[in-house]
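K.L.:
Here is my input; please provide its structure:
(one chain, ligands or ions: 1)
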Amino acid sequence: MSQLSLAVELAGLGLRNPTMNAAGVLGMSSYQLKRLYESGAGAVVTKSLGRQPRNGHPNPTIVFVEGGVINSMGLPNPSAEYFRDEIKRLKAENIPVVASFFAASIEDFTYLASILTDAGADALEINCSCPNVGREKCMLEADRESLEKVTKAVREASSLPVFVKLTPNVANIVEGAKIAEENGADGITAVNTLKALAVDIDLRKPILSNIIGGLSGPALKPVALRCVWELFENIEIPIIGCGGVSYWRDAVEFLLCGASAIQIGTALMDHGVELFKEVNEGIRRYLEENGFRGVKDIVGLAHET
Ligand code: SIN
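P.N.:
Below is the predicted model:
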């Protein structure tokens, strides 16, 4: 019998396989998240939660473009307070939960980190990289001082593994990752969406109500892979790759570039939740056919020239 295992460990968080959903995709209720886990995800990630409920931006908030999707949802969510019970429901079934959250002040970040920890989440993912809201709604990592303070505050407020989700919309992603690492982050999620715009030529206007949104899907993948590559060469903490994973081969590319786990977002819309099974089976086949014993064996392997 094969000794091969897909299990991974991320800063103390043990997962049966390296796949998760990306925050915001099918993460608005315990029902949706449970379905993702039952379909094969190694862990589930909540929609980014804030202190107050938010409706987000008015429609249109999403547009399909060549190579992906541009969204400008505006962080709609039912609030972390509301989601406490949803997390408890998931934990009652032993489902590993990563709670994604955002805030506009250090005080709110601290508050949210403690209530999500008390609710039973297994890890926290700081979202300070949403391209769709301004500084007054969400502290953004592009402001390096904020990133330092936010990471430190969350680190102090919780004993859980803390992941920081970074934006690709910066000249140097390593700078932000190093600040997060130095201030206590246990992992980096790379990346959030890439700032983008779509135009309706008949209306002669941008399509999204917020004008600018974030591009995800296959077109984002090469950018995300480049970010993971650069991070792997410059930081010690684990990287969770995110951006354009649609097939198992994409997941393997992220692992080879240095990701220890991957998140799947946009592709769940096209391929459905069964994608988790396909991706995990594909990774398993790849490992078996190439004589590897586990996921860890191939993390960052493309750097060994
Ligand atoms: C949104 O709700 O606008 C998307 C979330 C994100 O990009 O972080």
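K.L.:
Please verify my assumption that Lys296 contacts Ala7.
P.N.:
No: Lys296 is not in contact with Ala7 according to CB atoms under 8 Å; the separation is 9.1 Å. Yep, even glycine has a C-beta here, placed from its N, CA and C like the rest.
K.L.:
Using the three-state scheme, assign Arg89.
P.N.:
Using DSSP: H, G, I helix; E, B strand; the rest coil, the structure places Arg89 in helix.
K.L.:
Need the per-residue pLDDT for it.
P.N.:
For Arg89, the pLDDT comes out at 98.
K.L.:
and it, what does it touch?
P.N.:
Counting by CB atoms under 8 Å, 6 or more residues apart in numbering, Arg89 makes contact with 30, 34.
K.L.:
same thing with Leu90?
P.N.:
Listed by CB under 8 Å, 6+ apart, the contact set of Leu90 reads 30, 33-34, 37, 44, 97.
K.L.:
try it again with 10 Å
P.N.:
Leu90 makes contact with 29-31, 33-34, 37, 44, 46, 96-97, 119-122, according to CB atoms under 10 Å, 6 or more residues apart in numbering.
K.L.:
right, and out of these, which lies closest to the ligand?
P.N.:
Thr46 (11.8 Å; CB to the nearest ligand atom).
K.L.:
Helices of the stretch 151-300 of the chain, start to end?
P.N.:
According to DSSP state H, counting those that start in this stretch, the stretch 151-300 of the chain carries its helices in the segments 173-182, 221-234, 248-257, 267-271, 275-289.
K.L.:
Check what contacts the longest one and list those residues.
P.N.:
Under the contact criterion CB under 10 Å, 6+ apart, helix 275-289 has outside partners 2, 4-6, 16-21, 36-42, 245-252, 255-256, 262, 264, 267-269, 271-272, 292-295, 297-298.
K.L.:
now do stretch 149-158
P.N.:
Residues from elsewhere that reach stretch 149-158 (CB under 10 Å, 6+ apart): 99, 101-103, 105-118, 121, 123-124, 126, 128, 139-141, 143, 160, 162, 164, 176, 179-186.
K.L.:
Which positions in the stretch 1-150 of the chain make contact with the ligand?
P.N.:
Within reach of the ligand by CB under 6 Å from any ligand atom, the stretch 1-150 of the chain has these residues: 24, 48, 71-75, 127, 130, 132.
K.L.:
let's see 5 Å
P.N.:
Applying CB under 5 Å from any ligand atom, we find that the stretch 1-150 of the chain lies next to the ligand at 24, 73, 75, 130, 132.
K.L.:
Output these as TSV; include the columns distance to Phe83.
P.N.:
As requested, these are exported to TSV (distance: CB to CB, whole Å):
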residue	distance to Phe83
Gly24	13
Met73	16
Leu75	13
Cys130	17
Asn132	20
